[in-house]
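Visitor: Compute the structure for the input listed below.
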Amino acid sequence: MQRVETPFVPGNPPIEGLPPYKDDIPAYTPSLQFYGIALLKMEFDTPWSDRSTLLKPVVVELNSNQLNMYEFAADKTTVGVVGSLFKHQNYADASQEPPAADYTELYFFDCDAYGDSSAPEAPKPMFSKLRNCLDKKKTQRVLSASLSPGMCLNKLLLEPTSDRAVYDQFAAIYRGKLIHSYTLAHLNVGEAPCLTLARYKEEKRHSANAMTLVNYRNTLRLRIEYTQLLLHFWSFHGMVHWFRNMSVGRDLASSIDDRKLTVLKSVPRNFSVANNALLEASAREALTFNPDTCKMVHRDSISSAEDRASCFSEYTMGSGESGASSVASACSESCKNLTVDIYGAKLTCFENMYTPIEKQYISKCIPVLNSFDKWMGAKITISNYEHFVPRLTRDNCNENENVFISHYKFSDLVKTYNRNPAATSGPRRCRDFYVDSAGLVSI
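Guide: Residues are numbered from 1 along each chain as shown. Model prediction:
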């Protein structure tokens, strides 16, 4: 007589000799995570309506293909200190200590944002000088009186991190309510041109657009969903790694069929006075290299290439490991010594991790996004799009269910939606649109 075996059904007692059945869902781990603090400035609410706001500190959180921004929930004094720190470090008129005598020859660029800022400039109006002087004294007064031990090193996440444990400690103290949550699909990101960039002083054709240049360095301009904004970062190192991780997140937000291979420039293509200076600087850089020690003579703060690579991979790369150590242990001792002294307080700053020539080359490879670059014809993705679609009629919807939203109606809907940021939490439905001079056309 043939024996009939009973199939195993989940929930039945386990068969003798086999392990018990388990169907646990694995814990969610983001493929990309990056956290830090930045200064936010809104430029456009929609492609047709501008809204210029003041810079304010926000907590920025990159989670795979999602960019979240939270209020910096600190007391008024701490908020003022953060703004003053950024101004002291990155503004064109900030007071900066001159480079050491041994390094002077490396800083020969004419007023470049990533070179020497002590070269003579055109005379400024008396009112501008007075305003800058008063602003400088105010910044010095705030920093000299309000820097507490709790703000030293990287306790405010001025330098970004991919360590979730470190971010959770920071978020428990400083992360406030959600301001906005964006999808990175069809993100357009680039470096915001600065007033001190050499090429904008040498090329006459940019003089008419000088009002659109920012007066602080290390800034990215984002066109994300339907808004345009500026994110101002603490250091060049932070800006570069935020750009890198946002670009990766944009690729993650797109389907594999729609992804495009980004053309990265290793050598600047356009020939100009600035690029000739870069070639000359490359020769000077080669002369400072010591093959016996395998390090640059002006980079004594980092003992070896291995230390530098370790710091890059563990401290700032967005793809975090589940067993990642804390920032203090992940970064080498030599890397932790990369600090700036501001009125007796030491704060972590990787601005000098790159030489001026390296900053020049890297900056040349990051695309530039101007405030006045056209939107028309661009494809954007809007999350929670159902909040922006008006009542469908024959005037704004065809038989293929393609929707047209006039820019007047869309601007009103955006204002209404921004009053309730809680609506951006939870699962979101997204839809693609084309930007037209008259409004948005769904795809």
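Visitor: Run through the strands of the stretch 151-300 of the chain in chain order.
Guide: Applying DSSP state E, counting those that start in this stretch to the stretch 151-300 of the chain gives strands spanning 175-183, 188-191, 219-224, 227-232, 289-290, 295-296.
Visitor: For Lys136, which of those strands is the nearest?
Guide: strand 227-232 (18.2 Å; Cβ to Cβ). Bear in mind the C-beta positions are built from the backbone N, C-alpha and C, glycine included.
Visitor: What helices and strands are in contact with that closest one?
Guide: For strand 227-232, the elements it packs on are strand 33-46, strand 219-224, judged by 3 or more Cβ pairs under 8 Å, 6 or more residues apart in numbering; DSSP states H and E.
Visitor: so it versus strand 219-224, what angle?
Guide: 160 degrees (axes from the mean of the first three to the mean of the last three Cα atoms, to 10 degrees).
Visitor: which other residues reach strand 227-232?
Guide: Here strand 227-232 makes contact (Cβ atoms under 8 Å, 6 or more residues apart in numbering) with 38-47, 55, 60, 86, 90, 182, 192, 214, 216, 218-222, 242, 371.
Visitor: mind running it again at 7 Å?
Guide: By Cβ atoms under 7 Å, 6 or more residues apart in numbering, the list of residues contacting strand 227-232 from outside reads 38-45, 55, 60, 86, 192, 214, 216, 218-222.
Visitor: Now mean neighbour count too, for the helices and strands packed on strand 227-232, in CSV please.
Guide: Listed next are the helices and strands packed on strand 227-232 as CSV, based on neighbours: other Cβ atoms under 10 Å:
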stretch, mean neighbour count
strand 33-46, 22
strand 219-224, 22
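Visitor: For Cys397, find the nearest of those.
Guide: Evaluated with Cβ to Cβ, the helices and strands packed on strand 227-232 place strand 33-46 nearest to Cys397, the distance being 20.3 Å.
Visitor: Quickly run through the sheet partners of the helix or strand just after the closest one, with directions.
Guide: Going down the chain from strand 33-46, the next helix or strand is strand 49-50, by DSSP states H and E. Counting by DSSP bridges, the strands paired with strand 49-50 are strand 33-46 (antiparallel).
Visitor: partners of Phe72 in the sheet?
Guide: Beta-bridge partners, per DSSP bridges, of Phe72: Arg175.
Visitor: any idea how far it is from Arg175?
Guide: 8 Å (Cβ to Cβ, to the nearest Å).
Visitor: And for Ala74?
Guide: 10 Å.
Visitor: Between these two, which has more neighbouring residues?
Guide: Arg175 (20 against 17; other Cβ atoms under 10 Å).
Visitor: Would you enumerate the residues in contact with that one?
Guide: So Arg175 contacts Val59, Tyr70, Ala73 (Cβ under 7 Å, 6+ apart).
Visitor: so the nearest residue to Met151 once chain neighbours are set aside, which of the three states?
Guide: Using Cβ to Cβ, 6 or more residues apart in numbering and skipping residues adjacent in sequence, the residue nearest Met151 is Val81, 6.5 Å away. Assigned by DSSP: H, G, I helix; E, B strand; the rest coil, the conformation of Val81 is helix.
Visitor: Enumerate the beta-bridge partners assigned to Arg224.
Guide: Just so we're on the same page, residue 224 is Ile rather than Arg. Bridge pairing for Ile224 - DSSP bridges - gives Thr227.
Visitor: picking up where we left off before, who touches both of Phe72 and Arg175?
Guide: By Cβ under 7 Å, 6+ apart, the residues touching both Phe72 and Arg175 are Val59.
Visitor: hmm, back to that, how about TSV for the helices and strands packed on strand 227-232, with distance to Glu16 added?
Guide: Shown next, in TSV, are these (distance: least, Cβ to Cβ, whole Å):
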stretch	distance to Glu16
strand 33-46	44
strand 219-224	58
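Visitor: so which of the ones you listed gets nearest Val441?
Guide: Closest among the helices and strands packed on strand 227-232, once you apply Cβ to Cβ, is strand 33-46, at 14.4 Å.
Visitor: Quick check: mean pLDDT of the closest one?
Guide: Average pLDDT, strand 33-46: 94.
Visitor: next one: stretch 356-370
Guide: For stretch 356-370, mean pLDDT is 86.
Visitor: ok, now stretch 70-90?
Guide: The average pLDDT for stretch 70-90 rounds to 88.
Visitor: how about that stretch as CSV, C-alpha atoms only?
Guide: The C-alpha coordinates for stretch 70-90 follow below in CSV (Å, rounded to 0.1, in the frame of the first residue of the first chain):
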residue,chain,number,x,y,z
TYR,A,70,13.1,69.1,8.9
GLU,A,71,13.1,72.2,11.0
PHE,A,72,16.2,72.7,13.1
ALA,A,73,14.6,72.5,16.5
ALA,A,74,17.1,74.5,18.6
ASP,A,75,16.8,77.5,20.7
LYS,A,76,17.1,80.9,19.2
THR,A,77,20.8,81.3,20.3
THR,A,78,21.9,78.1,18.7
VAL,A,79,20.1,78.9,15.5
GLY,A,80,21.9,82.3,15.4
VAL,A,81,25.2,80.6,16.1
VAL,A,82,24.8,78.1,13.2
GLY,A,83,24.0,81.0,10.8
SER,A,84,27.0,82.9,12.0
LEU,A,85,29.3,79.9,11.7
PHE,A,86,28.3,79.5,8.0
LYS,A,87,28.8,83.2,7.4
HIS,A,88,32.2,83.2,9.1
GLN,A,89,33.3,80.1,7.1
ASN,A,90,31.9,80.6,3.6
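Visitor: Let the chain start at 7 from now.
Guide: Got it, first residue is 7 now, which makes that one stretch 76-96.
Visitor: Report the buried residues of that stretch.
Guide: Counting neighbours by 16 or more other Cβ atoms under 10 Å, one finds that the buried residues in stretch 76-96 are 76-78, 80, 84-96.
Visitor: what does stretch 156-173 give?
Guide: Judged by neighbour count (16+ other Cβ under 10 Å), stretch 156-173 contains these buried residues: 157-170, 172-173.
Visitor: Just the ones of those in helices?
Guide: Among the buried residues of stretch 156-173, DSSP state H puts Arg170, Val172, Tyr173 in helices.
Visitor: Redo these as JSON lines? Include distance to Thr145 and pLDDT.
Guide: Formatted as JSON lines, these follow (distance: Cβ to Cβ, whole Å; pLDDT from 0 to 100):
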{"residue": "Arg170", "distance to Thr145": "33", "pLDDT": "92"}
{"residue": "Val172", "distance to Thr145": "28", "pLDDT": "93"}
{"residue": "Tyr173", "distance to Thr145": "28", "pLDDT": "94"}
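Visitor: secondary structure class for Gln366?
Guide: helix.
Visitor: where does it sit relative to Asn96, distance-wise?
Guide: Plainly put, Gln366 is 17 Å away from Asn96 if you go by Cβ to Cβ.
Visitor: Show me what Ala351 bridges to in the sheet.
Guide: Bridge pairing for Ala351 - DSSP bridges - gives Ile348.
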